[in-house]
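Engineer: Only the shape, not the letters, is given here:
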C-alpha cells in the first residue's frame with residue numbers, strides 16, 4: 001500500500017487507488033464523487049443516468065451501465081444515443097437487430113435449421129424436407145437443407161459439392177496417402193480413382209504410382225498403373241500368358257498397332 005495521503009481534503013487515510021483511500025475510492029467508483037472527508041454514511045445516488053436525456057436506470061459512477069462502461073473504457077460516457085451502431089436483420093421487413101450472418105436471432109435460427117430464413121413476420125416452425133435437397137442425394141436431412149455430408153462441405157467450403165465422395169476428402173495416413181470411406185470401408189483414394197477409371201477392382205499385384213511424387217495428389221492425370229508382380233520363372237511363355245490374362249485390352253490395343261494404349265497404364 002502507498003504511503004501517500006488520500007487526495008480528499010481533510011482525509012488522513014493512505015492512498016489505495018486513483019489518489020483516493022479505500023473509502024473514497026469506493027464512493028468514487030459507485031457515485032462518481034468521493035464526497036467529503038468526514039461523511040461516512042452511504043451516499044445517495046441518483047435514480048437515473050447523469051447523461052442529459054438518458055432515462056436508463058443508474059448503475060455506477062453516476063451513469064447507467066452503457067455510459068458507465070463507456071466512461072471506464074474511454075474516459076467519457078459518450079453520446080446519448082446507441083454507443084455502437086446496431087445493424088438490422090437483412091430479411092426484408094424485419095427490423096430486429098442483427099445477431100449473426102446479417103440475420104436476427106429468429107431468422108438466423110431458421111436459416112441454420114432449414115437453409116431458408118423465411119418471411120419476416122412468420123413465427124411458426126417451418127417444415128424441412130425428409131432428405132437432402134441436393135439432386136440425386138437420398139441421405140436423410142440434417143440441417144440447412146442438406147444431409148450431414150453435404151452440410152459439412154457447405155459449412156467448410158461454401159459448396160455442397162457432388163453427390164458422391166469428394167476428391168480430396170478423408171484424411172492423410174502416416175505414410176502420406178489420402179484415406180477415404182467408400183460404402184463404409186476405408187480405402188486409399190488413389191487406388192479408388194484408378195478403379196473407377198478402369199471399371200474394375202485392382203489386383204493385389206497392381207500398384208498406383210504418383211507421377212509428381214505427391215502422395216496426396218490423386219488427380220487422374222497424376223496417376224499411372226504399375227505392375228509389381230513377378231511371374232514364377234523367366235520363360236517368355238509365362239510372361240506372355242500373364243499379360244494376356246490380366247491385361248487383354250492392352251494386348252488387343254498393341255496388336256492393333258496403336259501407339260497410345262487404350263488402357264490406363266501410364267505408358268509413355
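Structural biologist: All right, it came through fine. Quick caveat: nothing in here was measured; it's all calculated off a predicted structure. Numbers count the residues shown, from 1 in each chain.
Engineer: Residue 151: neighbour count?
Structural biologist: 18 (other C-beta atoms under 10 Å). Any C-beta I mention is one placed from the backbone N, CA and C, and that applies to glycine too.
Engineer: right, I mislabeled it, should have said residue 171
Structural biologist: Residue 171, neighbours per other C-beta under 10 Å, totals 10.
Engineer: same thing with the one 4 residues further on?
Structural biologist: Neighbours of residue 175 under the rule other C-beta under 10 Å: 8.
Engineer: nearest residue to it other than its sequence neighbours?
Structural biologist: residue 215 (7.1 Å; C-beta to C-beta, 6 or more residues apart in numbering).
Engineer: Please give me every residue in contact with that neighbour.
Structural biologist: With contact set as C-beta atoms under 8 Å, 6 or more residues apart in numbering, residue 215 has these partners: 175, 176, 177, 178, 190.
Engineer: could you check the distance from the third one over to residue 226?
Structural biologist: The one in question is residue 177. 15 Å (C-beta to C-beta, to the nearest Å).
Engineer: Between the two, which is the more surrounded one?
Structural biologist: Looking at residue 177 and residue 226 with other C-beta under 10 Å, you find the greater number of neighbours at residue 177, namely 19 against 12.
Engineer: Is that one in contact with residue 189, as I believe?
Structural biologist: Yes. Using C-beta atoms under 8 Å, residue 177 is in contact with residue 189, at 7.4 Å.
Engineer: Please settle this for me: is residue 23 part of a strand?
Structural biologist: No. Per DSSP: H, G, I helix; E, B strand; the rest coil, residue 23 lies outside any strand segment and is helix.
Engineer: pLDDT score for residue 106?
Structural biologist: pLDDT recorded at residue 106 is 84.
Engineer: Tally up the residues packed near the nearest residue to residue 55 once chain neighbours are set aside, please.
Structural biologist: Leaving aside its chain neighbours, residue 55 sits nearest to residue 48 (5.9 Å; criterion: C-beta to C-beta, 6+ apart). Residue 48 has 14 neighbours, counted by other C-beta under 10 Å.
Engineer: Distance of residue 21 relative to residue 172?
Structural biologist: According to C-beta to C-beta, residue 21 and residue 172 sit 64 Å apart.
Engineer: domains in the chain, as residue ranges please.
Structural biologist: If you go by automatic domain parsing, the domain ranges for the chain are 86-127, 128-164, 171-224, 230-268.
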